[in-house]
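Trainee: Structure, please.
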Amino acid sequence: MPAFVIMLRDETLDPEEFATYGKKAPAARGEHKITPRAFYGKHEVLEGDDVEGAVILEFPTFEEAKAWYDSPAYQEALQHRLKGATYRVLIVQGV
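Mentor: Below you'll find the model as predicted:
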């Protein structure tokens, strides 16, 4: 059953750190099977707080999504994202 990582960027804090994240994150893909479904495209918030942008990544399973997030390569990139912007990130199992 597929799973989706949903990343909502609330606020950019440090553009340089965020740019470093943008350079490191693609390398963290490694052998993980990731299908981008949305990547900072046009959006409209219908309920709740506004966001600067959103990303939706599809993985074959919940476990594979979690393995990507927990991987050393992504965790290294993540340190720059945490300094560069505030996000809400979740994994949701698909149907």
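Trainee: Only alpha carbons, please: show stretch 49-57 as PDB.
Mentor: Provided in PDB are the C-alpha atoms of stretch 49-57 (Å, rounded to 0.1, in the frame of the first residue of the first chain):
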ATOM      1  CA  ASP A  49      -2.900  28.700   8.400                       C
ATOM      2  CA  ASP A  50      -1.300  29.700   5.100                       C
ATOM      3  CA  VAL A  51       1.800  27.900   3.900                       C
ATOM      4  CA  GLU A  52       4.700  29.100   1.700                       C
ATOM      5  CA  GLY A  53       4.700  25.800  -0.100                       C
ATOM      6  CA  ALA A  54       4.000  22.100  -0.100                       C
ATOM      7  CA  VAL A  55       5.600  18.900  -1.300                       C
ATOM      8  CA  ILE A  56       4.000  15.500  -1.600                       C
ATOM      9  CA  LEU A  57       6.200  12.500  -2.200                       C
END
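Trainee: can you list contacts of that stretch?
Mentor: Stretch 49-57 has contacts (CB atoms under 8 Å, 6 or more residues apart in numbering) with 4-12, 34-40, 43, 45, 65, 85. In this view, the C-beta of every residue, glycine as well, is placed from N, C-alpha and C.
Trainee: can we see that at 10 Å?
Mentor: The contact list for stretch 49-57 (CB atoms under 10 Å, 6 or more residues apart in numbering) reads 3-12, 25, 29, 32, 34-41, 43-45, 65, 68-69, 85-89, 91-92.
Trainee: Distance from the chain centre to that stretch, please.
Mentor: Offset of stretch 49-57 from its chain centre (CA atoms, centre = their mean, to the nearest Å): 9 Å.
Trainee: Could you do stretch 68-82 as well?
Mentor: 10 Å.
Trainee: related to what we said a few turns ago, so which of the contacts of stretch 49-57 are in strands?
Mentor: Judged by DSSP state E, those include 3-12, 35-39, 85-89, 91-92 as members of strands.
Trainee: So among the contacts of stretch 49-57, which ones count as buried?
Mentor: 3-9, 25, 32, 34, 38, 65, 68-69, 85, 87, 91 (16 or more other CB atoms under 10 Å).
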